[in-house]
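What follows is a predicted protein model with its sequence.
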Amino acid sequence: MKNIQVTVYTKEHGCLDLTLEEYNNFDFDKVIYHRTDGPAVVYYYANGSIESEHYFINNQRHRIDYPALIYHYLDERSLREYYYLDHKPYTKEDYYNLINKMKALPKSLRLTHKEQWVREL
């Protein structure tokens, strides 16, 4: 278990590289997962390849135009992707329908929730 690495980005502490054991024992009650330029949490297999990527803005799963949760399998050919906006899960079809509707609106009418819409769109 100690060989499994986790990289975590938080608002308070920035980037933390932890083992899975350290991560499970870390006090995240007051920590906010947050990263705007990549995944906020990345789990690695023991061989160093990425196991999963988790995108968060202000402690909510969120990503524009791509899945917010991605699982990579050891065979490196298969993925499992999950789409979220503001911590709400969507099917891939519903997600892209919503994104396309948002992009079609004039900038002055777009929702500006927690700055990520403004930054991303």
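Noted; the coordinates are in hand. Residues are numbered from 1 along each chain as shown.

Name the surrounding residues that touch stretch 51-68.
Stretch 51-68 is contacted from outside by 4, 11, 32-36, 38-45, 69-72, 81-87, 89, 92, 99, 114, 116-117, 120-121, using CB atoms under 8 Å, 6 or more residues apart in numbering. C-beta here means a position set from N, CA and C on the backbone, and glycine is covered the same way.

Can you select the buried ones from these in ChimeraX?
Buried subset of these, written as a ChimeraX selection, criterion 16 or more other CB atoms under 10 Å:
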select :32,33,34,35,39,40,41,42,43,44,69,70,71,72,82,83,84,85,99,116,117
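
what's the distance between Ile99 and Arg61?
Noted for Ile99: a distance of 15 Å to Arg61, by CB to CB, to the nearest Å.

Hmm, I typed the wrong one, I wanted His13.
20 Å.

Ok, Asn47 next?
Separation of Asn47 from Arg61 (CB to CB): 26 Å.
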